[in-house]
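A.B. asks: Fold the following, please.
(chains A and B)
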Amino acid sequence: MTTSKAYAAVNAQSPLCPHEIHRRDPGPEDVTIRILHCGVCHSDLHTARNEWKNTIYPCVPGHEIVGRVTAVGRAVKNFRAGDLAGVGCMVDSCGHCASCQDGEEQYCENGFTGTYNGPVFGGDNT
Amino acid sequence: MGVKIANALGAHVTLFTTSSSKVDDGRRLGAHEVCLSTNPADMARYTNRLDFILNTVAAPHNLDAYLSLLKRDGTMTLVGAPAEPHPSPGVFNLIFKRRQLAGSLIGGVRETQEMLDFCAQHNVLSDIEPIPIDYINTAYERMLRNDVKYRFVIDMTTLN
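C.D. replies: Modelled structure (predicted):
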């Protein structure tokens, strides 16, 4: 378990405020990064204020991320510690449905895992 | 970024905006033409003229006003996601010109890498306003007033 600093919305009315979140331990296919910058998208605001009626609180918005890799799992081939890495709206998908097999994992038929507010396969919410 | 990438792809680009303050900026970003969408006469100049419209608006609006601007067989793709639905467009506007109304999500990993490589190759860069993280609530309010050109970016070293 890792503890990360963040700014979170705790409900639809509250402003974002400092918050600590807990991440599961990285697995063999995971890449750990230190976030350097994050863009602000209207989707973040829609989500923080529950305008799409699906927000899981507390919620840490932000999905235009650039960071520096600090560690990689043993099965990771494309990244090494020290590399720059980007993260968009999606951090995982099932990997075996027709869309995932077609390289269109954003349309994962089992629902991709969002960078925030997303259910994780076999873990806590993002 | 849509304007910049469309320009880099070689398209003749028209930017539609509700903000007169973005008319000059649109040209700087790479638009060949800028249309003030709040001006009906300006909008009418584009009737039946466009091959494709990328609609990024994240608020409900009249889709027919834009579908009417497409040529026969033209497509408008929606990528903005308003909290409430758009008013349903008229069917005549679609069938008499065989126009298409479509939607699209983010790219996957492969497409996203392709986009980043394309932007690097063509020097397509974002216009940003860097902010410390404790400015985020003000940034949200300014975003709601269209008061950002064009992206707030949080410097995460300010999170202590």
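A.B. asks: How about the residues of chain B by chain A?
C.D. replies: Neighbours of chain A within chain B, by Cβ under 8 Å from any Cβ of the partner chain: B:58, B:80-81, B:83, B:105-110, B:112, B:116, B:126, B:128, B:130-131, B:133, B:136-137, B:139-140, B:143-144, B:151-157, B:159-160. Backbone N, C-alpha and C define where each C-beta goes, glycine included.
A.B. asks: So which of those are in helices?
C.D. replies: Per DSSP state H, helices hold the following members of the residues of chain B next to chain A: B:109-110, B:112, B:116, B:136-137, B:139-140, B:143-144.
A.B. asks: The longest strand seen in chain B packs against which elements?
C.D. replies: Identified as the longest strand of chain B according to DSSP state E is strand B:70-78. Judged by 3 or more Cβ pairs under 8 Å, 6 or more residues apart in numbering or on different chains; DSSP states H and E, the packing partners of strand B:70-78 are strand B:50-55, strand B:100-103.
A.B. asks: State the pLDDT value of the residue nearest the centre of chain B.
C.D. replies: Geometric centre of chain B, nearest residue: residue B:56, 3.9 Å, by Cα atoms, centre = their mean. Per-residue pLDDT puts residue B:56 at 93.
A.B. asks: isn't it right next to residue B:81, touching?
C.D. replies: No. With contacts counted by Cβ atoms under 8 Å, residue B:56 stays clear of residue B:81, the gap being 10.0 Å.
A.B. asks: Counting neighbours, what do you get for residue A:31?
C.D. replies: 20 (other Cβ atoms under 10 Å in any protein chain shown).
A.B. asks: Repeat that for residue B:92.
C.D. replies: Residue B:92: 9 neighbours (other Cβ under 10 Å).
A.B. asks: is it true that it lies in a helix?
C.D. replies: Yes. Under DSSP: H, G, I helix; E, B strand; the rest coil, residue B:92 falls within a helix.
A.B. asks: and residue A:44, what element?
C.D. replies: helix A:42-48 (DSSP states H and E).
A.B. asks: can I get the helices and strands packed on strand B:70-78 in CSV with mean neighbour count and distance to residue A:13?
C.D. replies: Shown next, in CSV, are these (neighbours: other Cβ atoms under 10 Å in any protein chain shown; distance: least, Cβ to Cβ, whole Å):
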stretch, mean neighbour count, distance to residue A:13
strand B:50-55, 17, 30
strand B:100-103, 14, 30
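A.B. asks: wait, which of the ones you listed is closest to residue A:8?
C.D. replies: strand B:100-103 (29.9 Å; Cβ to Cβ).
A.B. asks: what's that closest one in contact with?
C.D. replies: B:63, B:67, B:73-79, B:89, B:94 (Cβ atoms under 8 Å, 6 or more residues apart in numbering or on different chains).
A.B. asks: Quick check: mean pLDDT of it?
C.D. replies: Regarding strand B:100-103, the rounded mean pLDDT is 98.
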